[in-house]
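1. sharing a model prediction with you, sequence too.
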Amino acid sequence: MTNVKNGEYRNILVNALVNLGDVVLTTSAIALLKQAYPNARITMLARPVVRQAVENNPVIDEVIIFDYKAKQNSFHKMMDMVKTIKSHHFDLSISFDRKLRPALLCWLAGIPVRIGPDRVFDDKPSRVTWLYTKTIHIKHNLETTLQAETYQEIVRGFTGQTGHERPVFARIMPENEKKADALMATLPLTEKRIALCVKGTFPLKTWPKEYFVKVVDGLSKEYNASFFIVGAPGDRAYADEVIADMHVPVANFCGQTNLVDLAAVIKKSDLFVTVDTGATHIAATTGVPMVTMYGCTSPKRWHPINENARVLTTDEPCCPCKCRADECPSNPKPNCLWHVTPDMVLMNCYTLLTRSC
């Protein structure tokens, strides 16, 4: 193996063909990798949906987009990607997942040193590790360890480092600031600006609509505040449903921002109240005061890395679970969601807003 101290790896490919929040968390491991090989060029293989999070990122030099779910990913398309990777002459690849396609791509491209974990999301064994030249054993309990630490442990296990890093998001550019200012200008002139993210990626992450109404009611009574909801284009209709029940004006910014615009908007906010989703981890990189409500997932693993973050969970005996909402034993009002009450959220919001005054 190359001597780590000599920093001989100069051209590194990393991949994480996973969801947005996980990709943001992997950047903490890439920052650690950058420390180990400060002279190396680091390229990331990523899905199109996360492109903006990793392009123009301080710890990533280049991005190769791989739309691995697209119908056009025929054998010929796969071989085209192999050629692309091969043309870069990478001397090291590190995988932050155990997906077959990226491991196969790196093997076919002939990258001489290919690193990956034996566990990353679950304890199920995988033959994908056969395609690695070195498999890093993850010793800790996955469910009780921050996911960012699991990603960093892959790098530490290879390089011998002992440090810890934080996630790094794409740089907020002047055009993102301009877009954020334009959106904020549509809000009423108030002392506080409060952002909400109301919809998770699946039902057991989505806090009840009526609870959001009670939180906004409580905050509007205590503060001269304007409110807005952020999210993806597909969240817009659901956000409108939540807004329809509100007793104060709430703007709907869903679908009006790209990922970096979103970071700029949240950074200009005084408070972010959110469910556990990708936006949570983007927001954490801005340092905004934030409260996150967890349903079927656990903050032990998915806590936003931000000193100004507060997380709420009732830590039900069945959590973390893999159920669909209609399978939940406490359906139609899953305990993991309904037992995190508006009063619990408001208490944390008041504390954070008082500290920021």
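-> Thanks, I have the structure now.

2. check which residues of the top helix by length along the chain are buried.
-> Longest helix in the chain, counting residues (DSSP state H): helix 20-36. By neighbour count on 16 or more other Cβ atoms under 10 Å, the buried set for helix 20-36 is 20-34, 36. In this view, the C-beta of every residue, glycine as well, is placed from N, C-alpha and C.

3. got the CA positions of it in CSV?
-> What follows is helix 20-36, C-alpha atoms only, in CSV (Å, rounded to 0.1, in the frame of the first residue of the first chain):
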residue,chain,number,x,y,z
LEU,A,20,-29.0,14.3,-0.8
GLY,A,21,-28.6,14.2,3.0
ASP,A,22,-26.1,11.4,2.8
VAL,A,23,-24.1,13.1,0.1
VAL,A,24,-23.8,16.2,2.3
LEU,A,25,-22.7,14.0,5.1
THR,A,26,-20.0,12.3,3.0
THR,A,27,-18.3,15.6,2.4
SER,A,28,-17.1,15.4,6.0
ALA,A,29,-15.2,12.3,5.0
ILE,A,30,-13.9,13.9,1.8
ALA,A,31,-12.6,16.8,4.0
LEU,A,32,-10.7,14.2,6.0
LEU,A,33,-9.4,12.7,2.8
LYS,A,34,-8.2,16.1,1.6
GLN,A,35,-6.2,16.4,4.8
ALA,A,36,-4.5,13.0,4.2
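
4. for the record, mean pLDDT for it?
-> Averaging pLDDT along helix 20-36 gives 97.

5. from the buried residues of helix 20-36, pick the one nearest residue 318.
-> Comparing the buried residues of helix 20-36 against residue 318 with Cβ to Cβ places residue 21 closest, at 22.1 Å.

6. how about the contacts made by that closest one?
-> 277-278, 280-281, 302 (Cβ atoms under 8 Å, 6 or more residues apart in numbering).

7. now it: how far from residue 147?
-> Per Cβ to Cβ, to the nearest Å, residue 21 is found 8 Å from residue 147.

8. with residue 217 instead?
-> Distance, residue 217 to residue 147, by Cβ to Cβ: 34 Å.

9. what of residue 49?
-> Residue 49 is 18 Å from residue 147, where distance means Cβ to Cβ.

10. isn't residue 328 right up against residue 334?
-> Yes - applying Cβ atoms under 8 Å, one finds residue 328 in contact with residue 334, separated by 4.5 Å.

11. just to revisit the earlier point, of residue 49 and residue 147, who's got more company?
-> Each of residue 49 and residue 147 has its neighbours counted (other Cβ atoms under 10 Å); residue 147 has more, 22 against 16.

12. residues in contact with that one?
-> Residue 147 touches 22, 25, 301-302, counting by Cβ under 8 Å, 6+ apart.

13. as a markdown table, the residues you listed with distance to residue 270 would be great.
-> What follows is the contacts of residue 147, written out as a markdown table (distance: Cβ to Cβ, whole Å):
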| residue | distance to residue 270 |
| --- | --- |
| 22 | 28 |
| 25 | 25 |
| 301 | 28 |
| 302 | 24 |
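
14. who does the residue nearest to residue 187 when sequence neighbours are not counted form a beta bridge with?
-> Once flanking residues are discounted, residue 187 sits nearest to residue 226: 4.1 Å by Cβ to Cβ, 6 or more residues apart in numbering. Beta bridges link residue 226 to residue 193, judged by DSSP bridges.
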